[in-house]
Structures are given as structure tokens and as C-alpha cells.
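1. here is a sequence together with a model predicted from it:
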Amino acid sequence: MSGQTVAADLSGHMLGLDEDEDLEVFTKNSSLADGSPMPNSPGSMVNQYRLEEDEEDQLGAYTKDIFVTVDNPESNVTAIETFIMYRVVTKTTRSEFDSSEYEVRRRYQDFLWLRSRLEENHPTLIVHPLPEKFVMKGMVERFNDDFIETRRKALHRFLNKISEHPILSYSQHFKVFLTAQDLVSQKKQGPGFLSRMGETVRAVANSVRGLRSRPEEFTVMQDYMENFSNKICSVDKVTQRIIKEQREYLDELKQYSPTYTQWAESEEELSQPLKAIASCVERCSKETEEQIHHLSEVLVPTLHEYVLCAETVKAVMRRRDNIQAEFEAKNEALVSRKVDQEALQEEVDGLADRVELANNALRGDWSRWQNGMRTDLRSAFISTAEKNVEHYEKCLAVWESFLLSQREELSQEQVEDAS
Amino acid sequence: MRPGSPPTSGKQKRMAEDGKDDSVATDDDSDLTAADGSLNNTMVEEGSTLLRRMEICVAEAEKRSGKNAVSMQETFTVYLIETRPMDAVAEGRNPAPDSLWRRYSEFELLRNYLIVTYPYIVVPPLPEKRAEFVWHKLSADNMDPDFVERRRVGLENFLLRVASHPVLSNDKILYHFLTEEHGWKEVVYETGFQAKADSRLRALSATFRVRNPDKRFMEMKHYSDELQSHTSQLLRARARVADRLYGVYKVHGNYGRVFSEWSAIEKEMGDGLQSAGHHMDAYAASIDDILEEEEHYADQLKEYLSYAEALRAVCRKHELAQFELEMASQDLISKKQQLRTFSFKGMTNKLFGQEAPEQREAKLKLLEELITEGEETVKEKTVECEEHVERAWVDMQRFKEQKDKDLREALINYAVMQISMCKKGIQVWSNAKECFLKM
């Protein structure tokens, strides 16, 4: 427990935090309302849940006790701007919450605020990314229905990822986000823009100085992340390309079936089979439409999320590096200077602890993240494969029914000929 | 003047016409040719054709080099035609086939001969001279092996159709084409068929100026236009669909590459990704065979696209024959008119002055001769026209039945191809799913 308190103190000191909100989470009772032990360090938690083979019990020792949904986007028009508000509903049994159900309205900016607070307070935890701020190229209207729906789903996933996170879900900011009717006043209590700038400047300065020696495991992690980032971007691009080709294919299919219908008009005997073929082609093109829709709804968003995740993890690793760099810098100073060693020693010790905590946090969250990534991507690919099988099965049925109809026609003709 | 007795079942009549000099089965092959150039049927039974007596196939294609008419070096393809007597095959003997090589231009020459010689027959078409309705991966090159192969099949199909046609199969030029490698061209030219060919200008003029063509032929002509237009639209659209489908499948090959690279950096996911990648490669590769097979369907449609032209040709021949009949009748009428005015002796004398009786006698005689000639011409033209109508109508009915049967079969085959494609797709994606489950 003490470890966490120190971490919070130091982070507060580094970021110039005034309020102790986050400290509360870590100094409270070390057990949950139902008496089960409260998760302590991320490390111990990860150990617990790594033992679980069952996907459903991902959260390990404790079952899910908080459920969050994002829905019901509504347009809000003010004099200055137009924006979308989403409804966020929370159902929970956690004792930190005064009530068991909450309903609030939040806009995208609010989500951004939440995420940045979480990142500030937990610099080496992997905080799930948000959908991008800007509209994708090719879209004219910002508030296009598809765009809103895609964003809503991503926001929903974001909150769920946070609520499933063993540490982040206990963040005070998270609670405030889920419960406060007036978020604006809460937001104002955050660290100012300048203090955030300070952190960034320090980070840049540190990275310029460079790192003495990064622990092997983090170098491995970084290399992996570089490669993963490339690969996931490629998969994303390939998938987008497939959708593009499918759309063009669909356009041609739509021109193709009428050629059969038109021909049927000048034929007698052939009219029926020609029309039947036209109908088959039409039905297959509807199936193709659904196939495209599924790709866009399931695979693309997941891939896209992990493209963003890759960037997030890279940023987390940079922050960890900075924490280590800062320690190294101060340590060097300690070694070289003889003056004021005691005070400096304490500072250096604190920084050393900070490095260790940062490393532990990242280490724990890293394997958690990897498992999550594996699960999410696997399930998206499986879903895509299933949809494709379904697509071909449906088309198969269409063509088989055509063959059947022709056999029936033929036998009917034979009966007619005989009579 | 309207010819066109209701079409009788022309088979028996036709048999009699074509096998004019025979009705007796002969064992002596040397008596194969009848006076009018058509083959004696050694078996006078309904539906007997060359194909029943002889197995025909276009077995191979080869590249040759040689000097052409203007002494320039050129490369061309020759096709091996193999024939075997059917009774030998039936008896279980397996004699080596007779064979000879022909190039595409010789097939064209044969077909042109048939068109001119049998203007009342919807003559089977040749496979396309140049690749049309090409989708981008399909080669438009005449020398491309796939194109040559499909052409080989098309040429064989042409020969089979001709050799099984109740009328065309009896032609001796056809027989020589199949059996005599050398000197065939000379024999064809000797028939003088080129002189008999209708000038395009005459045919076109007839189309515009004919007054009373047989309605059924006009409908058939209209139908041939429709058939041509619809099949070409279909072929064009299908080629575009094929092109796009190719793109979809091939892009999946990129999954194969990326999954393979990605699997290298993963531990637990590695195997699943790697094997899924292989299935994606297989998926991408499968489209080549799928579309190659579909070309066969396109070829079947192309045959009927070309058949539409042949059908139209028969209708236009009717227009020409009818037009010539009308012209001849018109000519006769005007001559008879002249004769009538001639009889008004008094009138003409008063108007044009006295004519020597010998002169007038001569003129009268000439006119009467011309009228007799004209009457003969009209009779001939009438017979020509009626015969054409009768024979053509029979063949057009035969063609219609053949077309309906063939195209329905083609559509069924298309469905079978689609089913095969779907089954492959199910296989690949089920396999991929298994791999993803292992991730």
C-alpha cells in the first residue's frame, strides 16, 4: 500500500498537482465492500489474472462490478457551436459510488479531458486511446450519421476498457466523469495548462540528454512495438483497400444483373432462366453489401484502435524513459557534487523509487495489454472469417436454388412434351 | 408478290434435294459425290450427318513461321485436325487418326464458302478473330497460349457444328477441308463461290427498298439485332465484374504477406497468424482458375453473339431475293404495259408518225421476247425466293431450338461455376477461422 501512496505523492509533486483526489483511492480501506482484497500493485493483479485461462474471467480475482454504456447521441446547438452529447450510463456495486446508477451527458471534449487526466496520473500505464479528433478525409459533414455512430462505439469501448482496468477504473477522475452532473466545474480544478507544459518541456529535455542504459526488457518492448505498429498499420491499410475493391466490385455487379433482365425481354424459352440469373446476381450483390458493412463495422474499428494503441504504448515507453532519464540526471549530479548531498540523496532515492514503480506499472500493464490486444484482434478476425463463410454460404444457396428451378423447369417441359 | 407457302417440315424434301442422285446405299466410296457437288449419303436416314460417320477433333495448335503473300516473314498458328472413321471406333479398333494442319484463315475461307453456297442456312460462326471483351488481366494477344487454346476449342466446336448440320455436313468442300491437306484452297476457289457472293451494296440497297418482305423474316432480323445487342452488353458487363472480382481476391494476398511478417514478432499469435496468412495467399491465387473457367462461359455467349450476325445474314438474303423478285415483276409489268401501248396502232401513228410495218413488227417481236424472258425471270426469282424462304425458315427453327438448348445449358454451367467458387470460398475462410482461433 505504501508504494502506491509514495507514487501518488511524487507524481503530484512532479506535475504540480494541488489536489489530493487521486491519493484518496490509494489510502482508503484496502478491501472492497464485499470483503475481497482490494487489488494492490498492478504486478500482483497481473499475476492473478495471468493464471486465468478463461477469457471471460479476464479481470482475474474479481468479477466485473461496474458497467458503462455510451449511447443516444444528440445534437446540441448553442450560439457559438454545435456539438454532440452522448449519454453515459453507469451501473455499479462499488462502495466508492454513492448510488448504484448514474446517467450523465458528455461530449467528446469531456472524454479527452478524462483521458489526459488518467495519463497524467498514471504516466506508465497504457490508457486506451480515444477515436481521433478530426474527421477522416473524404467526409464532408462532420456530423454524418455513420461518423457519429463509429465514434459512439469507440467511446463506449474506451470507457469499457477503462472500467476493466484494475487501476484506472478506481481513478477519481473516472468517477467524476461518470457521476458529476456538472463536469465543467470539476474540470476547472485540474492542473493548469502551464504545469502540463512544464512536464512536456522536462520530458523533451530529458530525451535530448538521452538514456544511459535502458533495461533489456524495455528495449525488447520498444522493438516489438515498432514492428507491431508497422504491421497493424499495414493490416489496416490492406483492409481499407479490400473495402475499396469490394465497393467497386459491387458497383459493377449492379450494372451486370440488368443485362440479363433486358435480354430476357426479347426471349421466349430463355426468358425464365435469364430472369432467374438476374435475380441470383442481385441477391449476391446484396450479400456483398452486407459483407462490406461488416468489415467496416467490426474489423476496421478494431484495427484502427490498435493503430492508435501502438502510438499510445510508444508514448508510454517514452515517458518511462524520461522518468529513468530524470533519475539518472539527478544521480549523476549527486555523484559529481559534494555539496548538499543529503538533500539531493533524498531526492535521488525518491526518483529511484519512482523509476521502479514506473517500470512495475508498465511491466504489469504491458502483459495485460498484450492479452487484451490478442483477444480483441483475434475476435475481430474470427468474426470477419465467419461473416465471409456466411456470405459464401448464402450465395451458394442462391445459385443452388437456381439449379433446382432449372431442373424443375426441365422435368415440367418433359412432362409437357410427352403429353 | 408474296412467296411463302407455309413452311412444311422440310426434312424429307430437303433430303431429296440434297441427295438428288442417290437413295440407294452404296458401299463404293468413290461414288461419294453427286452431280450438284453434295455428298451422297451412304445412309439415307433422318438426321444422318458427317459427324456420325467420322470422329473429328482439333487436337493441337502450333506456331509456324513462313513467308506470306507479300514475301514478309510472319508467325502464325496452325491447328491440327484429326479425323477417324466412326465405324472403326465403334468396332473397338483404334486406328491412328488421319490428320492435317490448317490455319485460321483457311477456316475463314471455308466459312465464307459455306455462307455463299448455303445462303438459307444460319452458318455456325468461328471463334473471334481478335480477343474482345477483355478484362485487364486477360491477354488480348493472339499469340497468348490461353487465347490459342480457347481458339482451338472454338475451331473444334465450329467443325462439330458444321459436321452435324443436316445440310452443311453433306458438302464436299467441307469433306475435303477435313481430309485433303494440299490443294484444298484451289478447289475452293474453283467453285467460283466468290463470284456468287452478293455485293454488300446490293444487299444494303435491298434492305431499304424492298416492299413486301416476309414478316417472319423481319421479326427474325429484329430478333437478331436484339440478340447481338444483349449478348454484347452482357459480355461487357461480365468482363468488368471479372476485373473487379480479380482485384478483390488479389488484395487479400497482401494479408498473406503482412500476416507472415507479423507472425515473426509474435509468440502466442505467431502460428495462427502464419497459417492464416497461407490461406489468404491460397484465396488470392484461387481467382485465376475461377476466372479462366468463366471465360468458357463467355466463349459460349460469344458464339451466339456471332450467330446473331449469321442469322441476320439469312434474313438479309431474303430481303435481297424478295427485292430482286419485286424488281423483276416490276420490270415485267412495265414491259407488258409497253406492249399494250404498242397495240394502239392508230394512236401511235397519229402521234409519232408513220412507221414502216417491218420496223414495228421487229419492235413488237423484241418486246414479246423480252416479256417472255421477263416471265421466265419472274418465275425463276419466285422459285428462288420461295425456296429460300422455305429452307431458311426450317433452319431458323432448328437454330432457335439449338440456341435455347445451348444457352440454357450455358446458364446452368455458369451457376455451377458460381457454386464451385462459393464452395472454395467457404473452405478457405473456414480454414482461416480455424487459424484465427489458434491465435
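-> Cool, got the structure. Residues are numbered from 1 along each chain as shown, chains lettered A, B, ... in the order given.
2. near chain B, which residues of the stretch 101-250 of chain A are found?
-> A:224, A:227-228, A:231-232, A:234-235, A:238, A:241-242, A:245-246, A:248-249 (C-beta under 8 Å from any C-beta of the partner chain). All C-beta atoms are positioned from the backbone trio N, CA, C, and that covers glycine.
3. format those as a markdown table; extra columns: distance to B:Tyr246 and pLDDT.
-> Compiled in a markdown table, these are given as follows (distance: C-beta to C-beta, whole Å; pLDDT from 0 to 100):
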| residue | distance to B:Tyr246 | pLDDT |
| --- | --- | --- |
| A:Tyr224 | 36 | 94 |
| A:Asn227 | 31 | 95 |
| A:Phe228 | 31 | 96 |
| A:Lys231 | 26 | 96 |
| A:Ile232 | 27 | 96 |
| A:Ser234 | 22 | 96 |
| A:Val235 | 22 | 96 |
| A:Val238 | 16 | 97 |
| A:Arg241 | 14 | 96 |
| A:Ile242 | 13 | 97 |
| A:Glu245 | 9 | 97 |
| A:Gln246 | 12 | 97 |
| A:Glu248 | 11 | 97 |
| A:Tyr249 | 9 | 97 |
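4. may I see the PyMOL selection of the buried members of those residues?
-> To isolate the buried members of those in PyMOL, using 16 or more other C-beta atoms under 10 Å in any protein chain shown:
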select buried, chain A and resi 224+227+228+231+232+234+235+238+242+245+246+248+249
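5. from the residues of the stretch 101-250 of chain A next to chain B, which land in helices?
-> A:224, A:227-228, A:231-232, A:234-235, A:238, A:241-242, A:245-246, A:248-249 (DSSP state H).
6. closest one of those to A:Gln109?
-> Nearest to A:Gln109 out of those is A:Ile232 (C-beta to C-beta; 27.4 Å).
7. so the closest one sits against A:His304, correct?
-> No - in this structure A:Ile232 lies outside contact range of A:His304 using C-beta atoms under 8 Å: 9.2 Å.
8. list the residues that contact both of those two?
-> Residues touching both A:Ile232 and A:His304 (C-beta atoms under 8 Å, 6 or more residues apart in numbering or on different chains): there are none.
9. if we can go back for a sec, export the ones in helices among the residues of the stretch 101-250 of chain A next to chain B to a markdown table and tack on distance to B:Arg152?
-> Output for those, formatted as a markdown table (distance: C-beta to C-beta, whole Å):
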| residue | distance to B:Arg152 |
| --- | --- |
| A:Tyr224 | 56 |
| A:Asn227 | 51 |
| A:Phe228 | 53 |
| A:Lys231 | 47 |
| A:Ile232 | 50 |
| A:Ser234 | 44 |
| A:Val235 | 44 |
| A:Val238 | 39 |
| A:Arg241 | 38 |
| A:Ile242 | 37 |
| A:Glu245 | 33 |
| A:Gln246 | 36 |
| A:Glu248 | 34 |
| A:Tyr249 | 31 |
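10. and B:Pro95, that's in a helix?
-> No - counting by DSSP: H, G, I helix; E, B strand; the rest coil, B:Pro95 is located in no helix; its state is coil.
11. for it, give its distance to A:Gly364.
-> Computed as C-beta to C-beta, to the nearest Å, the B:Pro95 to A:Gly364 distance reads 85 Å.
12. show me which of the two is the more surrounded one.
-> A:Gly364 (24 against 9; other C-beta atoms under 10 Å in any protein chain shown).
13. secondary structure element for the more buried one?
-> Element membership for A:Gly364, per DSSP states H and E: helix A:341-418.
14. list the buried residues of stretch A:279-297.
-> Buried residues in stretch A:279-297 (16+ other C-beta under 10 Å): A:279-285, A:287-288, A:291-292, A:294-297.
15. same question for stretch A:259-266.
-> Of all the residues in stretch A:259-266, those buried under the rule 16+ other C-beta under 10 Å are A:259-264, A:266.
16. equivalent analysis for stretch A:336-348, please.
-> A:344, A:347-348.
17. least trustworthy helix or strand in chain A by mean pLDDT?
-> Within chain A, no helix or strand scores below helix A:21-27, which has a mean of 37 by mean pLDDT, DSSP states H and E.
18. now, which of the buried residues of stretch A:279-297 lie close to chain B?
-> Answer for the buried residues of stretch A:279-297 near chain B (C-beta under 8 Å from any C-beta): A:280, A:284.
19. return the closest of the buried residues of stretch A:279-297 with respect to B:Glu295.
-> For the buried residues of stretch A:279-297, the nearest to B:Glu295 is A:Val281 (18.1 Å; C-beta to C-beta).
20. which helix or which strand is home to the closest one?
-> Element membership for A:Val281 (DSSP H and E) is helix A:271-294.
21. tell me which strands and helices that helix is in contact with?
-> Packing partners of helix A:271-294 (3 or more C-beta pairs under 8 Å, 6 or more residues apart in numbering or on different chains; DSSP states H and E): helix A:216-265, helix A:341-418, helix B:357-437.
22. spell out which parts of the stretch 151-300 of chain B neighbour chain A.
-> Within reach of chain A by C-beta under 8 Å from any C-beta, the stretch 151-300 of chain B has these residues: B:223, B:226-227, B:230-231, B:233-234, B:237-238, B:240-241, B:243-245, B:247-248, B:251-252, B:254-255, B:258-259, B:261-262, B:265, B:268-269, B:272, B:276.
23. for chain A, what are the low-confidence residue spans?
-> Applying pLDDT under 70 to chain A flags residues A:1-62, A:134-143, A:188-210, A:338-340, A:419.
24. domains in it, as residue ranges please.
-> A:64-185, A:211-216+A:225-418 (the TED database).
25. centre of the chain to the last one, how far?
-> The chain centroid and the centroid of domain A:211-216+A:225-418 are separated by 13 Å, computed with C-alpha atoms, centre = their mean, to the nearest Å.
26. that domain spans what distance, first to last residue?
-> Taking C-alpha to C-alpha, to the nearest Å as the measure, domain A:211-216+A:225-418 stretches 93 Å from start to finish.
27. next: the first one.
-> Between the opening and closing residues of domain A:64-185 we find a distance of 30 Å, counting by C-alpha to C-alpha.
28. and the gap between A:Phe97 and chain B?
-> Going from A:Phe97 to chain B by C-beta to the nearest C-beta, to the nearest Å gives 36 Å.
29. name the SS class of that residue, please.
-> A:Phe97 - assigned by three-state DSSP - is coil.
30. would CSV of the domains of chain A with distance to B:Gln397 be doable?
-> As requested, the domains of chain A are arranged in CSV below (distance: least, C-beta to C-beta, whole Å):
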stretch, distance to B:Gln397
domain A:64-185, 57
domain A:211-216+A:225-418, 13
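31. in stretch B:223-231, which residues are buried?
-> So, applying 16+ other C-beta under 10 Å, buried residues of stretch B:223-231: B:223-224, B:226-228, B:230-231.
32. and stretch B:321-329, average pLDDT?
-> When pLDDT is averaged along stretch B:321-329, the result is 94.
33. hey, C-alpha coordinates of that stretch in CSV?
-> Output in CSV follows, covering the C-alpha atoms of stretch B:321-329 (Å, rounded to 0.1, in the frame of the first residue of the first chain):
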residue,chain,number,x,y,z
ALA,B,321,-34.2,-12.3,-103.1
GLN,B,322,-37.6,-10.7,-102.4
PHE,B,323,-36.3,-7.4,-103.7
GLU,B,324,-35.0,-9.0,-106.9
LEU,B,325,-38.3,-10.7,-107.4
GLU,B,326,-40.1,-7.4,-106.9
MET,B,327,-37.8,-5.7,-109.4
ALA,B,328,-38.3,-8.5,-111.9
SER,B,329,-42.0,-8.3,-111.5
